[in-house]
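Visitor: structure for the following, please:
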Amino acid sequence: MAKKSNRPKSKPAARPAATPDIIDTETAEAPPPAAEARAAKAPKLSRSQAAAERIEDEYGFIVGDLRRVFLLALAMFALLIILNIVLSLT
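Guide: So this is what the prediction gives:
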């Protein structure tokens, strides 16, 4: 008797729908407008690409905030240097 494993059962791979190899263009009808709308879907993204776009959308404002904090820290550092020079002369 085989030993039981804790792995979940693998699901069978989805098979693509069968399409005719040759299409008669003279007798073929135009696809309905709904089919054209479905064909205009956005391409699927991988998980990492979708996560990167989501992070970019949610945290896009942080770059501006970091720039302001950096400029404020630079101004304070310059002020400390100026105060050190002025107070050491007196």
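
Visitor: next SSE after the worst-scoring helix or strand of the chain on mean pLDDT?
Guide: Of all helical and strand segments in the chain, the minimum by mean pLDDT, DSSP states H and E falls on helix 33-39, at a mean of 57. Downstream of helix 33-39, the first helix or strand assigned by DSSP states H and E is helix 47-58.

Visitor: what comes into contact with that following helix?
Guide: Applying CB atoms under 8 Å, 6 or more residues apart in numbering, the contact partners of helix 47-58 are Leu45. Where you see a C-beta, it was placed from the backbone N, CA and C, and this is true even at glycine.

Visitor: okay, buried residues for the longest helix along the chain please.
Guide: Determined from DSSP state H, the single longest helix within the chain is helix 62-89. The neighbour-count check on helix 62-89 (16 or more other CB atoms under 10 Å) flags nothing as buried.

Visitor: just want the angle from it to helix 47-58.
Guide: Between helix 62-89 and helix 47-58, the angle comes out at 60 degrees (axes from the mean of the first three to the mean of the last three CA atoms, to 10 degrees).

Visitor: now helix 62-89: mean pLDDT?
Guide: In this model, helix 62-89 has a mean pLDDT of 95.

Visitor: output the contacting helices and strands for it.
Guide: If you count contacts as 3 or more CB pairs under 8 Å, 6 or more residues apart in numbering; DSSP states H and E, helix 62-89 packs onto no helix or strand.
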